[in-house]
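Participant: quick one, fold the following:
(chains A and B)
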Amino acid sequence: SQTIHQWPATLVQPVGSPLSLECTVEGTSNPNLYWYRQAAGRGLQLLFYSVGIGQISSEVPQNLSASRPQDRQFILSSKKLLLSDSGFYLCAWSVQGGNEQFFGPGTRLTVL
Amino acid sequence: KNEVEQSPQNLTAQEGEFITINCSYSVGISALHWLQQHPGGGIVSLFMLSSGKKKHGRLIATINIQEKHSSLHITASHPRDSAVYICAVRRGGAQKLVFGQGTRLTINP
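Facilitator: Numbering: from 1, shown residues only, chains lettered A, B, ... in the order given. Alright, predicted model coming up:
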């Protein structure tokens, strides 16, 4: 069966520090991968999606970047965090051409 | 205006009541999803609809493509149904989803 992992589960970082959030999927090959952010009191927003290794599409201009160094690994990064980067970050995957997305447990990031 | 609008934003009801959460969208879609987000943040997919109606246990989801509207119903609501319910529509390639703001449901015993 397929599983999706995210870590860390929670993170508190100072403004200006770097960020690296990791997402890995098990039990499937060549998935579509997604990073979403849920800011406090707001809906989920798609940040990045990837259809293959090294292929990243950015949905909104921001202080973050994403990379997919391996087929089932998706990394969200920042060189210098802003207060506005605080939120709940969710990774998701779907089968290529499939309709349903499966979400990871999320990482709650607080930037102080 | 958001492409996906949910109502109400917050809903409190007593155990056993029939619950309806509404979702309206303003764009062409290929599918609509209903998701449940638990207090810890984890998200579970409840339904994916492109037409008609689906039922799973006490949950029923309907969609009217012409009216660009979907509803999620919960029969015989229970406190464990308390969660945020999110409507999302699928547009374009790569299965990108656009999300509503969510409806926070609280069921009191």
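Participant: A:Leu11 - how many residues pack around it?
Facilitator: As a burial measure, A:Leu11 scores 16 neighbours (other CB atoms under 10 Å in any protein chain shown). Placement of C-beta: from N, CA and C, glycine included.
Participant: what's the distance between the residue nearest the centre of chain A and A:Leu21?
Facilitator: Geometric centre of chain A, nearest residue: A:Trp35, 3.2 Å, by CA atoms, centre = their mean. Distance of A:Trp35 to A:Leu21, computed by CB to CB, to the nearest Å: 8 Å.
Participant: where does the prediction get shaky in the chain?
Facilitator: Using chain A. For chain A, no stretch is flagged by pLDDT under 70.
Participant: my bad, the chain I had in mind was chain B
Facilitator: B:1, B:92-95.
Participant: can you show me the strands along it?
Facilitator: With DSSP state E as the criterion, chain B has strands at B:4-7, B:10-14, B:19-25, B:31-37, B:43-49, B:52-56, B:59-64, B:69-74, B:83-90, B:97-99, B:103-108.
Participant: any chance of those strands in TSV with mean neighbour count as columns?
Facilitator: Output for the strands of chain B, formatted as TSV (neighbours: other CB atoms under 10 Å in any protein chain shown):
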stretch	mean neighbour count
strand B:4-7	19
strand B:10-14	13
strand B:19-25	19
strand B:31-37	22
strand B:43-49	18
strand B:52-56	12
strand B:59-64	18
strand B:69-74	20
strand B:83-90	24
strand B:97-99	23
strand B:103-108	17
